[in-house]
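J.: Here is a sequence with its predicted model. Questions after.
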Amino acid sequence: MSTFYLLVSAALFALGAYGVLARRSAILVFMSVELMLNAANLALVVFARGLGSASAQAVALLLIALAAAEVAVGLALVVAIYRTRESTLVDDLSELKG
């Protein structure tokens, strides 16, 4: 039964990795990173349940809080960049170097 959840976690992580590599919009890239974090969190919960470890479940709750904070900071950055550049395309952000 846990093998199924690990396969789902691997599929979600692969889908998120594809989204990070293939998307051009910063918002979609952030959504893909969130998908990858949730896939890692699902795998952690599956391993915690298999091992019967309560500390791993606490780490999973910490990862959920970390993902929420990452969304807040990432969305604030995207809004700030959109206000100045009027675009959220990742390719346009390469001009910010230097």
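T.: Looks like it came in fine. It should be emphasised that the depicted structure is a prediction, and the values quoted were computed from it without experimental measurement.

J.: helix/strand/coil for N38?
T.: Following DSSP: H, G, I helix; E, B strand; the rest coil, N38 is assigned to helix.

J.: How many residues are close by it?
T.: 17 (other CB atoms under 10 Å). C-beta coordinates here come from the backbone N, C-alpha and C atoms, glycine included.

J.: Hmm, L44 and V59 touching each other?
T.: Yes. With contacts counted by CB atoms under 8 Å, V59 reaches L44, the gap being 6.5 Å.

J.: dump the residue contacts of V90.
T.: 23-26, 29 (CB atoms under 8 Å, 6 or more residues apart in numbering).

J.: Which of these lies at the shortest distance from A80?
T.: Of all these, A26 has the smallest distance to A80: 11.1 Å, by CB to CB.

J.: Any figure for the gap between the closest one and V8?
T.: In this structure, A26 and V8 are 27 Å apart, going by CB to CB, to the nearest Å.

J.: go on, G16?
T.: In terms of CB to CB, G16 sits 13 Å off from V8.

J.: These two: who's more crowded?
T.: It is G16, of G16 and V8, that has more neighbours when counted by other CB under 10 Å, with 21 against 14.
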